[in-house]
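# sequence unknown, structure follows:
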């Protein structure tokens, strides 16, 4: 049954149904036949109650001598007025009451017409004779008692005898005693001189009650018969819900049928009780035969009802059992389908667990995953086993669907056993893999220890016999540990671990074996050398002791975020870096001795390999940690089984908490780690790997920008039970926030490893790539740090992206001096500095007020309220302000607004001045090239050498940018800059005058802005604003290579510094190279004025006037008596 198969009725149920159906039929037949015998439609007393109440005829219950029923027609004056229909109904009803046996004998009619007339007698007899519906045995007529009417009736009856010819005789009786001769007095009522107790109203009530009971029995029998047929013909559904509905519906109908039976039995007993009371009241001679018959009939009906109820109960018990078993089957089938689907999914899932791990940490993670998967799946497996036991119980209880249940139980047991065996197999493979990786790790660790041993043996100490013997003993002692640490036979490993070896793992084993063999070869060579040294009998060599400062000298601290990265690095990393420094220190010592260059290079190669090993090991651990967080925390946030542990504040906040960690994981796992592994054998070239993927590291900027939001959410929900449960499952000692910091720690770790690698790769092929990769990583760190500050700016209406790249940012003390403003503004000039945070972009510099926030962690991060911004196209600078080496000026619109900026340190000031100079120089270069282009359009005959490029973005600007990048170290997250020396303070009263043409290089700083030409206003007017560059004494920086020209031309390169000697014609200047002392002609367009120490400021104002009207102002930047206003030279 089930699974779509039709439901078959059992043999026992079928027998029960037939027995029950027969009882119902008998009950229905008895209700119809034994109480009402009409062939057509039976009449009931209730239907003709009004007609029976007229009492023009009644059935008293008396019997004739042969048992014939007696129907009495009492004296009824209005007999002739009774409608034929009513008369016919009463006759039909009265003749249907006696049993068929009694009715078959024939009825005796007693017509009482003693008070009537002959005419009425005649009419009554004729009417009765004509419409009587049953057999007649005898008609007894009590004729009128009056003399005249009696005489008339005698005469009339004799002469009209033919009119009364009937099938039965009609006897005219003169008196009641004559009637007693035909019917015993005990069978006649009192009005006919008898002793039979009869009350018409009581008889009518009795008949109504009996017939009501009979009808109730009939309806009950019909209902039971119909319900039994419905139960027997019901085809049970194939799902739990429908089967439950059918069971409930049938149970409700059964309860109703039982209630109807109970009411019918109650009604029957009530009728029987009333009949018994009547019988007890009446005397024994006056017992009514009809009452006795009625009582017997009711008793038989009650007995039949009881038998029918018993049959119904038996049939319902079997039907209910079938329904309940069917419901059990449907539950079992539904559970089977659900469990089988889950087990199939589990089997498919476990079939995907084919990874055997690529490292020890990976295998351990896979084993944890397998244990977690087994734990989660164990619920389904236990449910399947419990369902199988339920099926076995159904079979033991003789369920009708044994053939359907048993195969399903067997299949469930098979799936459970299959799952368990597959788990055992997978755990065995992973355990085997764990064992192999432990052996490989042991071998690698042994190799590392050996390499450390080799690197720690100073060459100079091994030159003596004692030193050689001591080193030899160390090596031999170490080689004695090879048996328990190294891989003995490669083929043995392949055979022993054949079940788990794939191509990648075999390759890994091979590389470990090769590394082991290579290390042993180095040991044997060193052993052989030491044996020779130990065997030589020569005079001892006095080694040169290294200088104390060489031992104390530590590696140069890397710029940037060393502080943060050192704090965040793991203890293991710190321990592993120790041997690098120790080995390098000892190698440095050996260089002072008589070590060979080959051994030095070998030691450097060892150190490079170990830096690479640390890079790969930490990268793999990093990838594993990211995967652990994503699977153990992020994925669990979508697990319905863990939903009840999540607080409301964490709903739909997974992206806020984890940021783009998944994107970072996929990049490192799928791309970067695999590419790093390609450089195992050539670690000095690993810089190329970083350079090729430098754009991908930009994803860290997005992660760091989201970190404050993530930290804030964590602080709100850190005590959530969800995190505690996940941490328990993962067996982590640290909470989630420590792992959310891993990406920040990792991006800072790379620059440290690249610096270590660069130390040991100075003369290698990939040194330039390593340096460029280090610079790029530091640039990314700076960009990340700058972006963290940039997103904290509030109140700026525009789009910060329109301001160009963020170059610098930092906090300064700022004074304002608006010299061309209103007098009142000058008076209100601030003498107390404002604390401002400056953001230098390519197109503008922003002034913001730093506001510290209350809270902890990232919630304490500052925000910046925007105050104002200056367009770099109208900005100029004065590098030195007298009296403070940390101050410089930023002025705006030809010094209409002057801002004196004080940096925290002279180094930071130098970095800012240098960066602003770059921006202004690039703008100036663009203006010069535009001016030169216009000049060339006017005169095509100038014999100027063509510049390398006329586009500021592709030619000189690119060369200049490259030059500046080489001269300036990249900035770190903490705003670290290279400490360029400050220019000397200008001497008092010393400086260039407007007309000075001295060939000495000035020693003063100049104030710079990005104007198109650096010219005197009067010269500009004479040339109409379109002349070539005019002579301004000082040093110049070459911004474009110049190699071709006449014999007097000077060959210069971009970035060289020259001194101006003389201005020539056709755009050529005569300059001197102070480095070589050579002099010659170069194009003026190839030179850019260089800022140097000065007591006067050469200020180029880039106001909104035409390029030709730029103004050069010469005045002291800061005099002793105070700040002197700049003079306007245009007049």
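Yes, it's here. Keep in mind that this is a model prediction, so the values were computed, not measured.
# could you point out the longest helix of this structure?
When secondary structure is assigned using DSSP state H, the longest helix within the chain turns out to be helix 289-351.
# and the next element down the chain from it?
The C-terminal neighbour of helix 289-351 among helices and strands, as given by DSSP states H and E, is helix 360-396.
# any idea how far that next one is from the middle of the chain?
The chain centre lies 24 Å from the centre of helix 360-396; the measure is Cα atoms, centre = their mean, to the nearest Å.
# and if you look at stretch 171-190?
The chain centroid and the centroid of stretch 171-190 are separated by 106 Å, computed with Cα atoms, centre = their mean.
# and it, end to end?
End-to-end distance for stretch 171-190, by Cα to Cα, to the nearest Å: 21 Å.
# list the buried residues of it.
Counting neighbours by 16 or more other Cβ atoms under 10 Å, one finds that the buried residues in stretch 171-190 are 172, 173, 176, 179, 180, 182, 183, 185, 187, 188, 189. C-beta here means a position set from N, CA and C on the backbone, and glycine is covered the same way.
# got it, and stretch 110-129?
Counting neighbours by 16+ other Cβ under 10 Å, one finds that the buried residues in stretch 110-129 are 110-114, 116, 118, 120-122, 124-125, 128-129.
# any weak-confidence spans in the stretch 851-1000 of the chain?
Across the stretch 851-1000 of the chain, the stretches falling below the confidence threshold (pLDDT under 70) are 853-861, 938-1000.
# now the strands for it?
Counting by DSSP state E, counting those that start in this stretch, the stretch 851-1000 of the chain has these strands, from start to end: 863-871, 875-878, 887-892, 897-902.
# which neighbours does the longest one have in its sheet, and in what orientation?
The one in question is strand 863-871. Paired with strand 863-871 in the same sheet, following DSSP bridges, are strand 793-794 (parallel), strand 844-851 (antiparallel).
# neighbouring contacts of it?
Counting contacts by Cβ atoms under 8 Å, 6 or more residues apart in numbering, the residues outside strand 863-871 that touch it are 789, 792-796, 803, 836-837, 839, 843-851, 853, 890, 892, 897.
# just the buried ones from those?
789, 792-793, 796, 803, 836-837, 839, 844-848, 890, 892, 897.
# which residues does the most centrally placed residue in the chain contact?
The residue lying closest to the centre of the chain (Cα atoms, centre = their mean) is residue 638, at 3.4 Å. Contact analysis of residue 638 by Cβ under 8 Å, 6+ apart lists residue 654.
# cool, residue 487 as well?
439, 440, 443, 493, 509, 512, 513, 516.
# so the fifth one sits in a helix?
Yes: with DSSP: H, G, I helix; E, B strand; the rest coil as the criterion, residue 509 is located in a helix.
# pull the longest strand from the protein.
Secondary structure assigned by DSSP state E gives strand 806-816 as the longest strand of the chain.
# pairing partners for that strand, with directions?
Applying DSSP bridges, strand 806-816 is found paired with strand 834-841 (antiparallel), strand 897-902 (antiparallel).
# mean confidence for the first one?
Model confidence over strand 834-841 averages 91 on the pLDDT scale.
# residue 455 contacts residue 603, correct?
Yes: here residue 455 lies in contact with residue 603, judged by Cβ atoms under 8 Å, at a distance of 5.4 Å.
# and residue 319, how many neighbours does it have?
When counting by other Cβ atoms under 10 Å, one arrives at 22 neighbours for residue 319.
# does it touch residue 250 like I think?
Yes: using Cβ under 8 Å as the test, residue 319 is close enough to residue 250 to be in contact (7.2 Å).
# what do the two both touch?
Among the neighbours of residue 319, those also in contact with residue 250 (Cβ under 8 Å, 6+ apart) are residue 231.
# which non-adjacent residue is nearest residue 253?
Closest residue to residue 253 in three dimensions, ignoring its sequence neighbours and counting by Cβ to Cβ, 6 or more residues apart in numbering: residue 227, at 5.9 Å.
# any idea which element residue 515 lies in?
Taking DSSP H and E as the criterion, residue 515 maps to helix 503-535.
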